[in-house]
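Visitor: Would you be able to build a 3D model of this:
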Amino acid sequence: MSALIWLLIIAAFIVAFAGLVMPVIPGILMMWVGFFLYHFLIDDNKLSWIFWVVMAVLTIISLVSDYVAGSYFVKRFGGSKAGEITAAVSVIAGSFVFPPFGIILVPLVAVLIVELIVLRDLEHAVKASIGSLFGFLTSTFAKFLILVIMVVWFFIDVNVNF
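Guide: Got it, this is the predicted structure:
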């Protein structure tokens, strides 16, 4: 039975990483599914309170990184508020259109179109569109690092006896 639970935990972690390229998959939530499976079905004393606090903080950072990175780069590259909102919405829409490439292409094209309508300047629209791409890539990289830290910390906490 324990082996089956471990397989489910590993599967939850793998699905969490899949959420990096498929934004409709709640990656960070899948990490917590793995943590809770271990805690409630294998050993409820092994994971330290420090582990739970750090995981909560990393979860908040991960959730905020999407908005902050996307907004920062679209603004930095001269985009409008409409471009920022379009970038966020089109990443989700893009995961349904031509996955996984849609999460890159759809925001790029959508921001370009919105910025052309709003700014009426091709050069600024292209820059804002590229900014949305940088925002997505930056937040994806940040979330990847956070997920790696979460998994490593989990296995350290599980395997270290205090």
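Visitor: ok, A128 - how many residues close by?
Guide: 30 (other Cβ atoms under 10 Å). For every residue, glycine as well, the C-beta is placed using N, CA and C.
Visitor: List the residues that contact it.
Guide: V74, F77, G78, G79, S80, G83, V111, L112, E115, L119 (Cβ atoms under 8 Å, 6 or more residues apart in numbering).
Visitor: Tell me how far the residue nearest to P100 when sequence neighbours are not counted lies from S129.
Guide: Nearest non-adjacent residue to P100, counting by Cβ to Cβ, 6 or more residues apart in numbering: V21, 4.1 Å away. As judged by Cβ to Cβ, to the nearest Å, V21 and S129 stand 20 Å apart.
Visitor: Then L112?
Guide: As defined by Cβ to Cβ, L112 lies at a distance of 4 Å from S129.
Visitor: which one of the two has more residues nearby?
Guide: With neighbours defined as other Cβ under 10 Å, L112 and S129 compare such that S129 has more, 25 against 20.
Visitor: Check which helices and strands the lowest-mean-pLDDT helix or strand in the chain is in contact with.
Guide: Counting by mean pLDDT, DSSP states H and E, the weakest-scoring helix or strand in the chain turns out to be helix 81-94, with a mean of 80. Using 3 or more Cβ pairs under 8 Å, 6 or more residues apart in numbering; DSSP states H and E as the contact criterion, the secondary-structure elements in contact with helix 81-94 are helix 49-76, helix 102-119, helix 122-159.
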